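K.L.:
quick one, structure for this:
(one chain, ligands or ions: 1)
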Amino acid sequence: MKRVLSIQDISCVGKCSLTVALPVISAAGIETAILPTTVLSTHTAFEGFTFRDLTDDAQEIVDHWKRQKITFDGISSGYLGTVRQIELAEGIFTDFHREGVLRFVDPAMGDNGRLYAGFDRAFALRMGKLCKKADIIDPNMTEAAFMLNLDYPGEAYSEKFVRELLKRLCGLGCRTAVLTGVSFEKGRCGVASYDAETQEYTTFFREHLPVSFHGTGDVFSSALFAALMSGQPLPQAMETAVDYTVESIRLTIVHPDHNWYGVDFESAIPLLLKKLGKI
Ligand code: PXL
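P.N.:
I've put the predicted structure just below:
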């Protein structure tokens, strides 16, 4: 069984970061080790959330793994709450790298043109530097713009702009960039990718559900990472992750009393397993 490491926070309530990555990647039949970098009462869209920084403990945990000669087949980072946590992730991507290890960075920092609470432009640029350590990154348009120090383009952009943005993202130092939340026509939404080695540009779109939920980026990136670790080539992994995310949203909104803070990714796991050829 493959073993991967997921580095990000635990938001105790909120359906994001580790409470998504752990069940989704495990369901895909991959052993999922975790490194919790912060424990929050909820994700940061709630008012008055608590924030316990675990960076010092996390470093001790990593040092123990090194003494035990523990290795990983894939390493993924998500929301990181401070610059020190970015440095911690950078060290892990360096020290635990071996031939064939997939290094995945989801620079989870913002959405809809705005950074999440507690982040500023300097933090976003620092996250951009972490991407140098990655084989693949999957920002949304907000995160891409902030990492590249560009104005947020809003919803009016061309395909040419997206192609150029993807090349610039690869210029951060990763081989592959996947841009999420891309839409070129009303009613369709999906992802676009660029592989700097093969120079291949790929897109995948589905119907755009007219709603917006926290945590969908984490659902997408967990499924994309799981699909790639399961051996799916990038275009197929993008399809798996988009379809799983859309199904999670669809199954959320069929319940009129659904919560506002996260999607029902749990109910969509059978579809993920089908897309991965497990059932
Ligand atoms: O879903 C990304 C995410 C992860 N972790 C925390 C967050 C968010 C988004 O708001 O606040 C703590």
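
K.L.:
neighbouring contacts of the longest helix along the chain?
P.N.:
The helix that spans the most residues within the chain, counting by DSSP state H, is helix 234-253. Contact with helix 234-253 is made by 136, 176, 178, 190-191, 193, 195, 202, 204-207, 209, 211, 213, 216, 219-221, 223-224, 227-228, 232, 258, 263-265, 267-268, 271-272, 275-276, as judged by CB atoms under 8 Å, 6 or more residues apart in numbering. To be clear about C-beta, it is placed using only N, CA and C from the backbone, and glycine gets the same treatment.

K.L.:
now stretch 114-121
P.N.:
44, 45, 79, 81, 108, 109, 110, 123, 124, 142, 146, 149.

K.L.:
those residues in strands, which ones?
P.N.:
The members of the contacts of stretch 114-121 that map onto strands under DSSP state E are residue 110.

K.L.:
near the ligand, list only the ones from the contacts of stretch 114-121.
P.N.:
44, 45, 79, 108 (CB under 6 Å from any ligand atom).

K.L.:
helix/strand/coil for the nearest residue to the first one once chain neighbours are set aside?
P.N.:
If you skip the residues right next to it in sequence, residue 44 has residue 117 as its closest partner in space, 4.4 Å away by CB to CB, 6 or more residues apart in numbering. The three-state label for residue 117, taken from DSSP: H, G, I helix; E, B strand; the rest coil, comes out as coil.

K.L.:
number of residues surrounding residue 117?
P.N.:
Residues lying near residue 117 (other CB atoms under 10 Å) number 13.

K.L.:
contact partners for residue 144?
P.N.:
Contacts were defined as CB under 8 Å, 6+ apart; by that measure residue 144 touches 150, 165, 169, 177, 179.

K.L.:
typed the wrong thing, it's residue 8
P.N.:
17, 18, 21, 35, 36, 37, 77, 78, 79, 80, 108.

K.L.:
returning to that earlier point: and the next helix or strand past the longest helix of the chain?
P.N.:
Under the assignment DSSP states H and E, the closest C-terminal helix or strand after helix 234-253 is helix 269-275.

K.L.:
in a markdown table: the ones next to the ligand among the contacts of stretch 114-121, plus neighbour count, pLDDT and distance to residue 252.
P.N.:
Shown next, in a markdown table, are those (neighbours: other CB atoms under 10 Å; pLDDT from 0 to 100; distance: CB to CB, whole Å):
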| residue | neighbour count | pLDDT | distance to residue 252 |
| --- | --- | --- | --- |
| 44 | 19 | 97 | 20 |
| 45 | 17 | 97 | 16 |
| 79 | 25 | 98 | 21 |
| 108 | 24 | 98 | 19 |
